[in-house]
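S.K.: coords please:
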Amino acid sequence: MDHTCSPSVRDDNLSGVKGQPWQFAYREALSPYVFARILIVIGLYMGAYVAICPLGTTDLPWIQRLAYFTLGSSLVAPLCHSGYAVTLYLVRFRTPGCIAAAVVAQVFVAASTATATAYGVDSLFLSELPAYGFATVYVFMTLSVALCSAVVHYLVSQRVKNEAGGRAAAEPGPPAPSAGGAAAPVAPVARSGVAPTTSSKFLHRLPREVGRDIVWLRMNDHYVDVFTTSGQCAVLIRFADAIAELGDIGGRVHRSHWVAWSHVEGWERRSQRPRLRLTDGRLVPVSRTYLHDVRAALERHRADADPTPRTT
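M.R.: Residues are numbered from 1 along each chain as shown. Modelled structure (predicted):
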């Protein structure tokens with residue numbers, strides 16, 4: 001069974017993360033975006049440690065110091081980050097405050113693992129750490145892990161915030177007033193008024209009661225929330241696969257949103273961010289990544305819908 005739906009299902013019931021924005025934060029922690037920035041942070045760490053020579057590494061040539069800290073980082077970083085992701089998963093239904101407290105507690109656990117790893121790496125190079133004492137090494141590793149964890153948690157927080165903001169922006173609401181008290185639409189898009197005719201495989205996944213005239217889609221974990229002119233439902237399919245099956249009748253405008261070009265009425269701005277106003281009254285956010293392509297696609301759709309030459 002590849003779909004679950006009902007035209008009367010409330011929007012907030014379909015949106016699994018609307019009330020729990022941190023429910024899938026552990027996936028953000030494992031995303032390529034966060035991984036790439038972790039590598040940058042680790043590179044900065046190694047550069048700084050090679051330069052300042054902490055914990056008795058002054059006597060090592062710089063190439064050996066680089067190998068020393070590279071080996072230590074390659075062992076410590078995966079263990080610490082996997083612990084962080086597991087922590088987010090275990091407390092995913094808690095409040096943001098509880099999640100932050102769990103992350104802080106995880107830092108001290110990770111610092112213990114990092115300290116043990118540091119002793120093991122040191123035994124291969126210098127065997128200098130025992131002279132500093134366990135407490136000194138533990139404090140040093142705790143500070144290092146805490147700083148890195150703070151950066152990673154900040155990145156994940158921003159991803160969660162952006163995702164929650166994107167969902168909230170697509171909720172219905174009155175048009176934003178302009179300085180004169182009226183709505184401020186920008187460059188309205190012509191609509192033919194005819195439901196798109198296509199043999200898209202995705203349309204056959206929809207039940208009869210919601211029709212085939214899709215207005216917009218929204219990613220919701222393993223499902224895609226489908227909003228049509230007759231109702232809404234959730235289809236069990238990857239978001240990228242749904243977009244591919246729909247073809248060029250619409251396009252992706254945000255990491256979590258797709259719209260049908262024929263249902264775009266115009267542009268609006270909310271909090272200095274562009275939104276597309278749809279025929280069902282929704283304001284769907286347009287991310288900077290897709291902004292240029294969306295504008296070009298809407299221009300093409302306007303030209304196709306109104307082929308009459310324009311005169312200046």
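
S.K.: got the contact list for residue 109?
M.R.: residue 83 (Cβ atoms under 8 Å, 6 or more residues apart in numbering). Just so you know, the C-beta spots here come from the backbone N, C-alpha and C atoms, and that holds for glycine as well.

S.K.: Can you report how many residues lie near residue 229?
M.R.: Number of residues near residue 229 (other Cβ atoms under 10 Å) recorded here: 15.

S.K.: repeat for residue 303
M.R.: Residues near residue 303, counting by other Cβ under 10 Å, number 12.

S.K.: sec struct for it, please.
M.R.: helix (DSSP: H, G, I helix; E, B strand; the rest coil).

S.K.: got a pLDDT number for it?
M.R.: pLDDT for residue 303: 81.

S.K.: Who are the contact partners of it?
M.R.: Contacts of residue 303 (Cβ under 8 Å, 6+ apart): none.

S.K.: any idea how far residue 234 is from it?
M.R.: 34 Å (Cβ to Cβ, to the nearest Å).

S.K.: do residue 216 as well
M.R.: In terms of Cβ to Cβ, residue 216 sits 14 Å off from residue 234.

S.K.: Check what contacts stretch 87-99 and list those residues.
M.R.: With contacts defined as Cβ under 8 Å, 6+ apart, stretch 87-99 is touched by 20-26, 29, 102-103, 106, 156.

S.K.: So which elements touch the longest helix seen in the chain?
M.R.: When the chain is parsed with DSSP state H, its longest helix is helix 134-169. Contact here means 3 or more Cβ pairs under 8 Å, 6 or more residues apart in numbering; DSSP states H and E; on that basis helix 134-169 packs against helix 25-29, helix 32-52, helix 62-90, helix 96-125, strand 283-285.

S.K.: Residue 256: neighbour count?
M.R.: Neighbour tally, residue 256, other Cβ under 10 Å: 22.

S.K.: does the residue nearest to it when sequence neighbours are not counted sit in a helix, a strand or a coil?
M.R.: Distance criterion Cβ to Cβ, 6 or more residues apart in numbering; nearest residue to residue 256, sequence neighbours excluded, is residue 219 at 4.3 Å. Following three-state DSSP, residue 219 is assigned to strand.

S.K.: Assess the claim that residue 219 and residue 239 are in contact.
M.R.: Yes: Residue 219 lies in contact with residue 239 (Cβ atoms under 8 Å); the separation is 4.1 Å.

S.K.: Need the residues touching each of these two.
M.R.: Residues touching both residue 219 and residue 239 (Cβ under 8 Å, 6+ apart): residue 256.

S.K.: so where's the stretch 101-250 of the chain shaky on pLDDT?
M.R.: 162-199 (pLDDT under 70).

S.K.: let's go with 80 and repeat that
M.R.: Where the stretch 101-250 of the chain drops to pLDDT under 80, the residues are 126-128, 159-200, 221.

S.K.: Show me what the residue nearest to residue 256 is bridged to.
M.R.: Counting by DSSP bridges, residue 219 forms beta bridges with residue 224.

S.K.: how far away is it from residue 103?
M.R.: Applying Cβ to Cβ, the value for residue 219 to residue 103 is 26 Å.

S.K.: where does the residue lying farthest from the centre of the chain fall, helix, sheet strand or coil?
M.R.: Most distant from the centre of the chain: residue 131, at 45.3 Å, with distances by Cα atoms, centre = their mean. Counting by three-state DSSP, the backbone at residue 131 sits in helix.

S.K.: what about the residue lying closest to residue 49 once chain neighbours are set aside, distance to residue 44?
M.R.: For residue 49, ignoring the flanking residues on the chain, the nearest one in space by Cβ to Cβ, 6+ apart is residue 69 at 4.7 Å. When distance is defined by Cβ to Cβ, residue 69 is 11 Å away from residue 44.

S.K.: Repeat that for residue 281.
M.R.: Counting by Cβ to Cβ, the gap from residue 281 to residue 44 is 47 Å.

S.K.: repeat for residue 285
M.R.: 32 Å.
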